[in-house]
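K.L.:
would you be able to build a 3D model of this:
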Amino acid sequence: MESAHVPATLGLVIPTLNEADNIEPLLTRVSAALDSSDVSYEILVVDDGSCDGTPEVVRKFAMSDPRVRLLERRGQRGLAGAVAHGWKYSRAELLAVMDADLQHPPELLPVLVSAIGVGHDIVIGSRYANGNGVSGWNPLRLAISRVLTWITLPFQRDHLQVTDPMSGFFVVRRRCIEGVDLQPEGFKILFEILVRGRVRSALEVPFQFGTRQAGKSKADVKVAFHYLALLGRLSRDLFLRPEPQ
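P.N.:
This next block holds a predicted model:
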């Protein structure tokens, strides 16, 4: 059997805000995982004004690994904006994102990249694909997440129905989002890509969502507000979104 072609370059963005205790072990694990694959990669840490020494930790790590780059944003906050900002500084064929809090397993990255290599436009690390990827959550958090996911169903294309459209762990082909003006506020960039991007096929790879090792969650009332604003924007764009070519 002929081996699958793996695209040559990967640009992985890791947004950070006060993740000093998590970022070094994460970068170590990411590098080890991607070094075991055939993909050429770069890691772009986009920091939104951390005051706990996160940028200093990244700079020190980058001194021994030039594939790691630090991008600092001033006066701006929001995961979606940080991701889009980082992707602009990468020329990679594949664009990826993962959280800095060690809740996404870096060891899954080669699997996501390989799945892209066999023809998918986007490959998602999914908490819900196997039904029990968030077994450690309390009932209230799980119920809220399920409701927010259910709300996305009217926006999803028939051929792109996914169980975890709000995952923060995925790889997408650059060509699928070129020219798409992604909303800079909020945290749900995957959902917007699925609705507005030129995505023809999607694959979900199940994983077990981990527990935060250190630091504090960034989820707050602003996250909910930006999510509702995104729904409003997407509802206006629903009938104008481009079809895959």
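K.L.:
when you work out contacts or count neighbours from here on, use the C-alpha atoms and nothing else.
P.N.:
Noted.
K.L.:
okay, now the unreliable bits of the protein?
P.N.:
Applying pLDDT under 70 to the chain flags residues 1-8, 131-147, 150-156, 186-187, 211-245.
K.L.:
quick one: I124 and F170 touch, right?
P.N.:
Yes: between I124 and F170 there is a contact at 4.3 Å, judged by C-alpha atoms under 8 Å.
K.L.:
the more surrounded of the two?
P.N.:
I124 (27 against 22; other C-alpha atoms under 10 Å).
K.L.:
helix/strand/coil for that one?
P.N.:
Of the three states, I124 takes strand under DSSP: H, G, I helix; E, B strand; the rest coil.
K.L.:
now do the shared contacts for I124 and F170.
P.N.:
Counting by C-alpha atoms under 8 Å, 6 or more residues apart in numbering, the shared contacts of I124 and F170 are L112.
K.L.:
got a list of contacts for stretch 45-54?
P.N.:
Here stretch 45-54 makes contact (C-alpha under 8 Å, 6+ apart) with 13-21, 23, 55, 58, 68-78, 82-83, 85-86.
K.L.:
do a quick rundown of the helices in the protein.
P.N.:
Secondary structure of the chain (DSSP state H): helices at 20-35, 54-64, 79-88, 109-117, 139-151, 189-196, 221-237.
K.L.:
which strands and helices sit next to the first one?
P.N.:
Counting contacts by 3 or more C-alpha pairs under 8 Å, 6 or more residues apart in numbering; DSSP states H and E, the secondary-structure elements packed against helix 20-35 are helix 54-64, helix 109-117.
K.L.:
run the angle between the longest one and helix 20-35 for me.
P.N.:
Angular relation of helix 54-64 and helix 20-35 on a 0 to 180 degree scale: 30 degrees, by axes from the mean of the first three to the mean of the last three C-alpha atoms, to 10 degrees.
K.L.:
Serialize the helices and strands packed on helix 20-35 to JSON lines and add fields for mean neighbour count and distance to A129.
P.N.:
Shown next, in JSON lines, are the helices and strands packed on helix 20-35 (neighbours: other C-alpha atoms under 10 Å; distance: least, C-alpha to C-alpha, whole Å):
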{"stretch": "helix 54-64", "mean neighbour count": "16", "distance to A129": "33"}
{"stretch": "helix 109-117", "mean neighbour count": "21", "distance to A129": "14"}
